[in-house]
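Undergrad: Just a sequence and a predicted model for now, questions to come.
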Amino acid sequence: MKITIDKNIIEFQPENPQETTDMETLWRLLVDCVQDNKRIEPIGEFIPAKSNVARFIIEGISSKTEYTDDQVQEECTVVCTTCNKYMHLKPGDNVPVCCGRAMEGVD
């Protein structure tokens, strides 16, 4: 991934199909056309000699799985249309929330 910094503008340019997919997922997590956009904040430290990984937290997205009050009536699989995470649910399970939205049933 190529990163370009120009004053207060940071540009990320994916350099392969996987990075493009990852950037699209990140974009969907951060951008909300109806409500407020999410912010990312750095956590930990970035010292390339020690670890070449920079970590960030997305404000407004819980690290714990949250659930709606809706329960499924039969065994099914649900998917997050933002990050493509799948979960298998049993009758009576509550529908999980992922990326800020209730997961949807897979046909």
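TA: That came through, no problem. Residues are numbered from 1 along each chain as shown.
Undergrad: Now do stretch 73-80: distance from first to last residue.
TA: With Cα to Cα, to the nearest Å applied, stretch 73-80 spans 19 Å between its terminal residues.
Undergrad: Just the residues contacting it, thanks.
TA: With contact meaning Cβ atoms under 8 Å, 6 or more residues apart in numbering, stretch 73-80 is reached by 72, 85-91, 95-96, 98-99, 101, 103-106. All C-beta atoms are positioned from the backbone trio N, CA, C, and that covers glycine.
Undergrad: For ChimeraX, write a command that selects the buried ones of the residues you listed.
TA: To isolate the buried members of the contacts of stretch 73-80 in ChimeraX, using 16 or more other Cβ atoms under 10 Å:
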select :72,87,89,95,96,98,99,103
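Undergrad: Take the contacts of stretch 73-80 and keep only those in strands.
TA: Cross-referencing these against strands under DSSP state E gives Tyr86, Met87, His88, Leu89, Val95, Pro96, Cys98, Arg101, Glu104, Gly105.
Undergrad: Specify the beta-bridge partners of the fourth one.
TA: Beta bridges link Leu89 to Cys76, judged by DSSP bridges.
Undergrad: And it, how far from Gly100?
TA: 19 Å (Cβ to Cβ, to the nearest Å).
Undergrad: just Lys85 next, same as before
TA: For Lys85, the distance to Gly100 - Cβ to Cβ - is 13 Å.
Undergrad: any residues in contact with both of these two?
TA: By Cβ under 8 Å, 6+ apart, Lys85 and Gly100 have no common neighbours.
Undergrad: domains in this structure, as residue ranges please.
TA: Domains of the chain are assigned by automatic domain parsing as 2-58, 66-105.
Undergrad: Those domains into JSON lines, with extra columns for mean pLDDT?
TA: As requested, the domains of the chain are exported to JSON lines (pLDDT from 0 to 100):
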{"stretch": "domain 2-58", "mean pLDDT": "91"}
{"stretch": "domain 66-105", "mean pLDDT": "90"}
